[in-house]
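Engineer: Got a sequence here, can you model it:
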Amino acid sequence: MYTQQDLFFSTALAVYIAVGVVVAVVRWGHRCEPYSKNMDYYYPAWRTVVFCLLTNLMLLPFVYMPHDTDSDLALRIILMLGSPYFCAMFMFTYFGRMLKRKSWIMPLIFLSVPFTVMTLLALAIAIEPGQQLVGRDARILGSISGTLAFIFLYAFGSALYMIGQARRRFSETNFSNPDDFPKDFARQAVCMAGWHVVITWSICFLGSNTLMGWGLFVLSGILVYFLIVDLQPHRALDANRLEAEETARMQAETVVCQTFETSEVEEEETLSALRKDEILRIIRHAVEEDKAFLDSHLTLSSLARTCGVNRTYVSAVMNEYLGGFFSYVNRCRLDYATQYKADNPDAAVEEVATAAGFGSRQSFYNARKQLSA
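Structural biologist: Residues are numbered from 1 along each chain as shown. The predicted model follows:
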């Protein structure tokens with residue numbers, strides 16, 4: 001006989017499963033033009049998202065066994081293991097592919113085996129009639145589950161750390177275009193994944209069925225919010241254009257690097273005023289006259305190679321005389337955008353932004369707002 005508490009818990013779990021399936025279907029079927037031609041570029045983890053959410057169907061048997069002791073423990077084990085595992089999988093897949101770090105995905109491949117074994121074991125225990133998780137067996141299963149849970153939590157923490165490192169690497173000091181790395185989406189993804197893990201572990205360790213029900217409703221809301229955020233592509237530049245620019249830039253840098261030498265003596269000596277003026281002239285020539293700022297993925301390192309000057313010196317001179325790398329390059333882009341709009345009054349904002357070296361219209365707006373503040 002189901003109690004009111006049992007019905008509430010079963011309803012919450014059914015909603016969580018249904019929301020996960022709906023989000024998976026929408027994510028799979030979402031094919032907005034022109035992004036559908038390069039789904040793996042604009043949505044690097046879309047397959048992973050679909051797979052992770054569809055695994056919620058494994059929880060369906062637990063909807064019909066809300067008061068069974070074995071079922072309750074098995075469900076908590078699956079949720080406790082699954083939350084950090086799937087969140088880490090999404091993080092590693094999305095940002096690992098974006099940054100072309102295949103090594104990021106390897107740990108999850110090894111963790112997939114114990115996760116699959118434990119999930120199937122928990123399902124078998126829950127479905128098999130009779131009281132099985134008692135005494136020594138329960139303690140052994142609990143110890144194994146707890147150990148794996150903290151291993152998965154460590155993997156999730158590692159994912160957050162690597163993403164944090166990437167965000168710092170793509171700081172305004174070194175990169176001229178925010179579109180090179182979706183910092184806002186990374187922050188949102190980290191927050192959503194973090195809350196998912198915190199809420200899941202809280203209800204698994206501390207919660208009664210009623211508290212677990214409320215927690216599952218909150219987790220359903222997080223999934224809906226994730227869908228809203230993820231449906232928008234966070235890489236505005238066309239994939240084909242990016243590859244072409246990347247190839248051209250690498251070829252150019254290869255030629256420059258053949259004559260680019262940095263001695264240890266030069267790195268240690270103090271820049272004289274005359275040397276600073278010389279470096280400043282070289283930088284202005286490369287950025288303003290040769291229009292290096294039109295490269296939407298211009299970096300401090302690539303500019304230093306183009307100039308044939310030590311990267312540290314280029315940074316120091318730009319900070320002292322030009323307001324910093326990001327500020328200087330994007331001011332040049334804004335000036336060019338103003339002139340381009342004057343010469344082409346019918347041009348749309350997207351065209352103006354792209355022509356001026358911004359990766360997208362949003363990057364154009366963000367740079368204008370930031371530099372006018």
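Engineer: Remind me which helix or strand residue 90 belongs to.
Structural biologist: helix 69-98 (DSSP states H and E).
Engineer: what do you get for residue 65?
Structural biologist: For residue 65, there is no enclosing helix or strand under DSSP H and E.
Engineer: if I look at it, how far off is residue 99?
Structural biologist: Residue 65 is 43 Å from residue 99, where distance means C-beta to C-beta, to the nearest Å. C-beta: built from backbone N, CA, C; applies to glycine.
Engineer: pLDDT on stretch 333-341, on average?
Structural biologist: Mean pLDDT, computed over stretch 333-341, is 92.
Engineer: for it, which positions count as buried?
Structural biologist: 333, 334, 336, 337, 340, 341 (16 or more other C-beta atoms under 10 Å).
Engineer: ok, the third one - contacts?
Structural biologist: When you say that, I think you mean residue 336. Shown in contact with residue 336 (C-beta atoms under 8 Å, 6 or more residues apart in numbering): 291, 293, 294, 355, 356, 357.
Engineer: Can you turn the buried part of these into a ChimeraX selection?
Structural biologist: Command for ChimeraX, covering only those of the contacts of residue 336 found buried under the criterion 16+ other C-beta under 10 Å:
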select :293,294,355,356,357
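Engineer: In JSON lines, list the contacts of residue 336 along with pLDDT.
Structural biologist: Putting the contacts of residue 336 into JSON lines (pLDDT from 0 to 100) gives the following:
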{"residue": "291", "pLDDT": "92"}
{"residue": "293", "pLDDT": "90"}
{"residue": "294", "pLDDT": "90"}
{"residue": "355", "pLDDT": "91"}
{"residue": "356", "pLDDT": "91"}
{"residue": "357", "pLDDT": "89"}
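Engineer: ok, the contacts of residue 336 vs residue 58, which is closest?
Structural biologist: Among those, residue 357 lies closest to residue 58 (C-beta to C-beta), at 48.2 Å.
Engineer: I'd guess the closest one is in a helix, am I close?
Structural biologist: No: counting by DSSP: H, G, I helix; E, B strand; the rest coil, residue 357 falls outside a helix, being coil.
Engineer: got the contact list for it?
Structural biologist: Contact analysis of residue 357 by C-beta under 8 Å, 6+ apart lists 176, 177, 293, 294, 295, 296, 298, 329, 333, 336.
Engineer: follow-up on the earlier one: pick out whichever of the contacts of residue 336 sits closest to residue 190.
Structural biologist: Of those, the one sitting nearest to residue 190 (C-beta to C-beta) turns out to be residue 357, at 28.8 Å.
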